[in-house]
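Asker: Curious how this folds, go ahead:
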Amino acid sequence: MVTILRLAAIVSERLSEKVIMQIKPVMGSFDIERIVPYFQPIMDLDHHAVNSYECLARLVTQNEQTFLPSEFLCLVEREQCFGALTQRIFHASSEYFRNNSMGWSINISQQDIIEPHLSKFLSEFIQDYPNPQRITLELMASTAMQYREEFQSFLDVCKALGIRLFVDHFGALNHHILSLLDLPIDGIKVDGHLIKQMTQSQEVLDFVGHLNQLSQQRRIIVIAEHIEDKDCLTAVQELGIRFGQGFYFSKPQAFLN
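Answerer: Purely as a prediction, here's the structure:
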């Protein structure tokens with residue numbers, strides 16, 4: 001008889017095999033230069049206009065196949081180049097937006113706040129970049145909670161450089177995570193799972209409303225993620241959340257119109 005643990009292991013192995021099959025075209029010749037930013041707008045819901053863009057990593061192969069991070073991060077892990085990936089997306093995005101006034105953001109990883117490489121890179125890069133206040137770095141809430149001391153130290157670096165730092169995937173339905181709001185962060189992004197559940201659960205709706213109120217009191221920007229239909233958008237707007245992002249507005253695009 002197959003035990004539950006063995007069954008879980010089999011499922012995990014098959015999922016891994018599926019991912020490897022999906023990225024087989026790049027397994028033997030992985031080139032980090034082929035990871036490029038795709039751009040998704042973050043909307044100002046009060047003014048029905050683009051407020052900024054999130055720059056999302058995509059791997060594009062020689063034959064123009066495009067892969068999501070969930071499909072290629074195992075290659076980044078294999079090559080031990082998470083820091084290089086962050087710097088690659090940061091540099092490409094910064095050049096894309098260098099000569100305009102639009103704000104932009106990228107995601108950073110656990111390694112980026114634990115190791116000193118990103119802080120050093122930012123300190124050197126920012127000296128020649130116009131309006132660093134347009135730059136936002138996003139770190140997952142679970143990482144900020146798990147590595148709170150390192151997160152606070154990295155937050156100090158960002159404040160000194162004039163770069164904004166947001167907490168991403170702010171989605172756990174527990175009140176321990178609310179302690180992150182006591183830190184001098186610039187914004188949070190409410191996880192899409194909560195946004196989707198708001199139209200079906202009063203508990204979730206109340207939690208997100210409370211989260212938004214606490215953030216407003218602290219002048220922390222709130223962005224609702226993964227808005228995919230009109231009902232989600234209406235629920236977000238009724239709570240007074242000003243900024244939103246999701247397929248309802250636009251999928252990530254290789255180029256801006």
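
Asker: residue ranges for the helices of the protein, please.
Answerer: Here the chain has its helices, by DSSP state H, at 4-22, 69-79, 82-97, 110-114, 117-125, 141-146, 148-161, 192-197, 202-217, 230-238.

Asker: Any idea how many residues pack against Val60?
Answerer: For Val60, the neighbour count with other C-beta atoms under 10 Å is 15. C-beta coordinates here come from the backbone N, C-alpha and C atoms, glycine included.

Asker: Show me the shaky parts of the stretch 1-150 of the chain.
Answerer: 1-29 (pLDDT under 70).

Asker: try it again with 50
Answerer: Where the stretch 1-150 of the chain drops to pLDDT under 50, the residues are 1-21.

Asker: Give me the neighbour count for the residue nearest to His193 when sequence neighbours are not counted.
Answerer: Distance criterion C-beta to C-beta, 6 or more residues apart in numbering; nearest residue to His193, sequence neighbours excluded, is Gly171 at 5.5 Å. Look at Gly171: counted by other C-beta under 10 Å, it has 21 neighbours.

Asker: repeat for Tyr147
Answerer: Neighbours around Tyr147, by other C-beta under 10 Å: 16.

Asker: quick one, what contacts Ala144?
Answerer: Neighbouring residues of Ala144 by C-beta atoms under 8 Å, 6 or more residues apart in numbering: 151, 167, 180.

Asker: right, and the first one touches Thr143 too?
Answerer: Yes: assessed by C-beta atoms under 8 Å, Phe151 is found in contact with Thr143 at 7.3 Å.

Asker: Give me the common contacts of those two.
Answerer: Common neighbours of Phe151 and Thr143 (C-beta under 8 Å, 6+ apart) are Ile113.

Asker: And the nearest residue to Phe151 once chain neighbours are set aside, how far from Leu194?
Answerer: Leaving out its chain neighbours, the residue that sits closest to Phe151 by C-beta to C-beta, 6+ apart is Ala144, at 4.5 Å. Ala144 sits 17 Å away from Leu194, going by C-beta to C-beta, to the nearest Å.

Asker: do the same with Glu95
Answerer: Taking C-beta to C-beta, one finds Glu95 at 34 Å from Leu194.

Asker: And those two? Which one has more around it.
Answerer: Neighbours per residue, other C-beta under 10 Å: of Glu95 and Leu194, the larger number sits with Leu194, 22 against 11.

Asker: what's the distance between that one and Glu54?
Answerer: Leu194 is 18 Å from Glu54, by C-beta to C-beta.

Asker: Next up, the contacts around Ile185.
Answerer: Contacts of Ile185 (C-beta under 8 Å, 6+ apart): 155, 165-167, 220.

Asker: and with 6 Å instead?
Answerer: Counting by C-beta atoms under 6 Å, 6 or more residues apart in numbering, Ile185 makes contact with 165, 167.

Asker: Now do the same for it: its pLDDT.
Answerer: Here, the pLDDT recorded for Ile185 equals 98.
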